[in-house]
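> Build me a model:
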Amino acid sequence: MQPCDRNPASHTGFTLMETMIAVTVLAFSVAALTQAVVSGQSHTYEALHSSRAIALAEAMVDEILSKPYDDPDGDLIVGPDAGESSRDLFDAADDYDGLTEAVGAVQDQAGVAYPLLYQNFGRSVTASYTTVNLADLGGDHDGLTVTITITDMNGRTWVVSRFIQEPAS
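Got it, this is the predicted structure:
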């Protein structure tokens, strides 16, 4: 009887079991890596989306702040005065109360549509005369609180408020 040939050179390659284990480990590794990349891209998109929404709100705040606090006509009623049917006719900060731009119809002050990336949002503005306690400034102060609400096509909202103090007379 001849003994079994135990020469390592005569056996090459992987067994079926070793190959199955390697393929399984590789599949799980690829799945985990893919999930991490997708999650990272999702977070980046959400941050960019929020940045655009806040930029639209801040642009509206800047536009409102460019108007005088007091209405040149002496009108103390919040909202556009008679004859102020569009933003280019607004002559005071409180005229913006009730302004609404639908999703896909966001424009700058001149009526020019924002780029397509911003058309996933709509804006609305409310304004009201309020008294706010500003302890650092010595107590109660009268002014106008302006709130800009940005809404995207999925119904998510971002809100930016700004208190505009009544100028000293």
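> which parts of stretch 68-85 are buried?
Asp70, Asp71, Asp75, Val78, Pro80, Asp81, Glu84 (16 or more other Cβ atoms under 10 Å). From N, CA and C alone the C-beta is placed, and that goes for glycine too.
> tally of neighbours for the closest residue to the fifth one other than its chain neighbours?
With Cβ to Cβ, 6 or more residues apart in numbering as the criterion, Pro80 has its nearest non-adjacent residue at 4.6 Å, and that residue is Asp95. For Asp95, the count of nearby residues is 23 (other Cβ atoms under 10 Å).
> Next: the one 5 residues further on.
For Thr100, the number of neighbouring residues by other Cβ under 10 Å comes to 12.
> contacting residues around it?
Gly122, Arg123, Ser124, Val125 (Cβ atoms under 8 Å, 6 or more residues apart in numbering).
> quick one: which of those residues has the most company?
Highest count within the contacts of Thr100 by other Cβ under 10 Å belongs to Arg123, 24 neighbours.
> got the contact list for it?
Neighbours of Arg123 in contact, by Cβ under 8 Å, 6+ apart: Leu56, Ala57, Met60, Leu99, Thr100, Glu101, Val106, Ile148, Thr149, Ile150, Thr151.
> and the host helix or strand of it, how far out from the chain's middle?
Arg123 is located in strand 121-134, with elements delineated by DSSP states H and E. Distance of strand 121-134 from the chain centroid (Cα atoms, centre = their mean, to the nearest Å) equals 18 Å.
> Quick one: the buried residues of stretch 68-85 as CSV, columns for distance to Tyr129, pLDDT and secondary structure too.
Formatted as CSV, the buried residues of stretch 68-85 follow (distance: Cβ to Cβ, whole Å; pLDDT from 0 to 100; DSSP: H, G, I helix; E, B strand; the rest coil):
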residue, distance to Tyr129, pLDDT, secondary structure
Asp70, 12, 84, coil
Asp71, 12, 83, coil
Asp75, 12, 74, coil
Val78, 7, 85, coil
Pro80, 15, 84, coil
Asp81, 15, 82, coil
Glu84, 18, 83, coil
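> which among those gets closest to Phe163?
For these, the closest approach to Phe163 (Cβ to Cβ) belongs to Val78, at 14.6 Å.
> Excluding covalently adjacent residues, which one is nearest to Asp97?
Asp97's closest residue in space is Ala127 (Cβ to Cβ, 6+ apart), at 3.9 Å.
> Who does that neighbour form a beta bridge with?
Val146 (DSSP bridges).
> where does the chain dip in pLDDT?
1-11, 169 (pLDDT under 70).
> Stretch 84-103: which residues count as buried?
Glu84, Arg87, Phe90, Ala92, Ala93, Asp94, Asp95, Tyr96, Asp97, Leu99, Glu101, Val103.
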